[in-house]
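**Q** quick one, structure for this:
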Amino acid sequence: MKKIQFLIAMFLGFTLVAHAQLKEGKISYEQKVNMYRMITDPEMRARVPEFRTDKFELLFNEQASLYRTVVDEDAPDPFANNGGDRGGNRFMFRMPETATYTDINTQMQYEARAMFEKSFLIVDSLKAQQWKISDVTKTIAKHVCKKATTMITQPPQMRMRFGNGPRTAEDTVKPKPKEVELTVWYTEDIPVSVGPNNYSGLPGAILEVDTDNGSNVITATEVVGKYPKKELVQPTKGERMNRAQFQDAMKKIMEDMQKGGGIGGMRMRMNN
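**A** Okay, here's the model as predicted:
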């Protein structure tokens, strides 16, 4: 009888540990961006994969979080089996490396971003989102998540063109900001209001973000309780400005590059 009671106690103990709430750790994410949403030129589409994939990680505790790029120099060439028989140049786009630190108590954010051989430090308060929470659930990275949605204003995206051919009427129209739906999935297993980029404000960590119905999807692939605590620090390097000032600076750079036929916002590699 005592053995049975002991086994039951052990089982309950393991169950409680398995379902214990996680208040610090590291979440690994994979981001998939639909490149065809930005690229309309058929010739350029033939030379890029439909989706670009990048990896990120979120270090967090109850006081702060750090969302940063994971550089994978050994990542396979996405063009190895794509477009090799079409001739001409092929392109690969890589997003700039970023590190976004969020002070959860003050709701201030410090984002270090390197673009166009220049370093920026974007300091601004977090914008509160008006979330609509539903009872719909699904499992992500072994955690049961609830669905929440909101509407956001997406900055205008630059259209990408191939070559220096004549511009079309569409090229002369300046892109405008648009309102799109943002769908996230958060888990109450991690009762810390954190998430990718500047998304938070929910009673749990956000494990998936879907912007504009598949245009940009960030999904957690792994959640662990250990993380390099010494690396969860606020960035300090770069030209300091707020987010509106940074967006104005990027808009001007992209407009200048468009006039010259270049591609802004990303590094471009040409594969022969």
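**Q** show me the helices in this structure, by range?
**A** Counting by DSSP state H, residue ranges of the helices within the chain are 2-18, 42-45, 169-172, 243-259.
**Q** show residues contacting the longest strand along the chain.
**A** Ranked by residue count, the top strand of the chain under DSSP state E comes out as strand 143-154. Contacts to strand 143-154, defined as Cβ atoms under 8 Å, 6 or more residues apart in numbering, come from residues 129-139, 177-190, 202, 204, 207-208, 211-212, 220, 223. (Glycine included, C-beta is placed from N, CA and C.)
**Q** can you list the strands that that strand pairs with?
**A** Partners of strand 143-154 in the sheet, by DSSP bridges, are strand 132-140 (antiparallel), strand 178-187 (antiparallel).
**Q** ok, back up a step: could you tell me the least trusted of the helices of the chain?
**A** In terms of average pLDDT, helix 2-18 trails the rest of the helices of the chain, at a mean of 45.
**Q** give the contact list for Lys26.
**A** Residues 57-60, 223-224, 226-227 are the ones in contact with Lys26 under the rule Cβ under 8 Å, 6+ apart.
**Q** let me redo that: Thr53
**A** Thr53 makes contact with 30-33, 78, according to Cβ under 8 Å, 6+ apart.
**Q** one more: Asp124?
**A** 108-109, 242-243.
**Q** list the beta-bridge partners for it.
**A** According to DSSP bridges, Gln109 are recorded as the beta-bridge partners of Asp124.
**Q** per-residue confidence for it?
**A** Asp124 is assigned a predicted lDDT (pLDDT) of 96.
**Q** next: Trp131.
**A** The predicted structure lists Trp131 with a pLDDT of 97.
**Q** follow-up on the earlier one: got CSV for the contacts of Asp124, with neighbour count and distance to Ile39 too?
**A** As requested, the contacts of Asp124 are exported to CSV (neighbours: other Cβ atoms under 10 Å; distance: Cβ to Cβ, whole Å):
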residue, neighbour count, distance to Ile39
Met108, 14, 36
Gln109, 22, 30
Asn242, 11, 31
Arg243, 15, 26
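**Q** quick one: mean pLDDT for the longest strand of the chain?
**A** Computed over strand 143-154, the mean pLDDT rounds to 95.
**Q** just how off-centre is that strand within its chain?
**A** Its chain's average C-alpha position is 14 Å from that of strand 143-154, according to Cα atoms, centre = their mean, to the nearest Å.
**Q** give me the below-cutoff pLDDT ranges for the protein.
**A** Across the chain, the stretches falling below the confidence threshold (pLDDT under 70) are 1-20, 73-95, 156-175, 257-272.
**Q** ranges for the strands of it?
**A** Under the criterion DSSP E, the chain carries strands at the ranges 25-34, 51-60, 64-70, 90-94, 98-103, 108-115, 118-125, 132-140, 143-154, 178-187, 205-211, 216-224, 239-241, 267-271.
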